[in-house]
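# Build me a model from this:
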Amino acid sequence: IETVVAEVKVLQGLIEQLYARNVAIPAGLRKGLSAVVPPDEGGVHNDAAAGDMLELVRDALRRDRVDLFLQPIVSLPQRKHRFYECFSRIRTAEGALIQPQEYIEVAERAGLMAAIDNLLLFRSVQLVRKTQKSKVDVGFVCNISPHTLSDSIFLSEFVTYIEEHQGLAAKLVLEFPRKDFLAHDAATAEALTRLLQLGVRFSIDQVDDL
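Numbering: from 1, shown residues only. Next comes the predicted model:
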């Protein structure tokens, strides 16, 4: 219980810091938001709606309305559960689910994807603990955004956390697109190498060239 409380305090501190930032969308970043906010019939982007989506994401983070969804991965032909792929979904205050394609671009531009990924990882770690206690042999695959993959501070802190809780490493798989994996810098490479040494595995997504 003390460990979980400590984790929650660290996470809450991070979210409070992010929420306190001035993360209004600059005019120069409002271009290209049509993937998040569809243009109206006149082809003009709805900047007000984009701002509303950003505020919704910030509020969901602060008020714990980011849910963990699990998709089972089975082995054939037995259909035995081997892994669960973990996804984050944001809820509005009224309980409606917001799909990733609706908020990811806004969250990335505002620097909030690290907080969403952090929530995903912490909740996955809590699930790993539960499965260890019940002796269920499954792993958890966590999708990591390009922004988090390039965040050396985040990765360094996660490496330290896994070093202190090495029993969790074998059940965690970090997933990222191939192009982002190939584009990482020396600091990221060092952190990923250390995670591999500790037992964390990687899943490479969107492979278009072997």
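# use CA for all of it now, contacts and neighbours both
Fine.
# I'd like the distance between E175 and V207.
In this view, E175 and V207 are 12 Å apart by CA to CA, to the nearest Å.
# Compare the two (neighbour count), which wins?
For E175 versus V207, neighbours defined as other CA atoms under 10 Å are more numerous around E175 (20 against 9).
# and the host helix or strand of that one, how far from the chain's centre?
Taking DSSP states H and E as the criterion, E175 maps to strand 172-177. Mean C-alpha position of strand 172-177 versus that of the full chain (CA atoms, centre = their mean, to the nearest Å) differs by 10 Å.
# Report all helices and strands that the lengthiest strand in the chain contacts.
For the chain, the longest strand by residue count, based on DSSP state E, is strand 80-91. Using 3 or more CA pairs under 8 Å, 6 or more residues apart in numbering; DSSP states H and E as the contact criterion, the neighbours of strand 80-91 among helices and strands are helix 47-62, strand 66-75, strand 97-98, helix 113-133, strand 139-143.
# Go ahead and confirm T148 touches D117.
Yes. Contact between T148 and D117 holds when scored by CA atoms under 8 Å: they sit 7.3 Å apart.
# Export the strand holding E175 to CSV, keeping only CA atoms.
Listed in CSV are the C-alpha atoms of strand 172-177, where the atom choice follows Å, rounded to 0.1, in the frame of the first residue of the first chain:
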residue,chain,number,x,y,z
LEU,A,172,6.2,-5.1,-19.3
VAL,A,173,6.5,-4.6,-23.1
LEU,A,174,6.9,-1.1,-24.4
GLU,A,175,5.5,-0.5,-27.9
PHE,A,176,6.4,2.2,-30.4
PRO,A,177,6.4,2.7,-34.2
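# and the angle from that strand to helix 113-133?
With axes from the mean of the first three to the mean of the last three CA atoms, to 10 degrees as the criterion, the two stretches strand 172-177 and helix 113-133 enclose an angle of 150 degrees.
# low-confidence ranges in this protein?
1-50 (pLDDT under 70).
# quick revisit: return the most buried member of the helices and strands packed on strand 80-91.
Ranked by mean neighbour count under mean count of other CA atoms under 10 Å, those are led by strand 139-143, which reaches a mean of 23.
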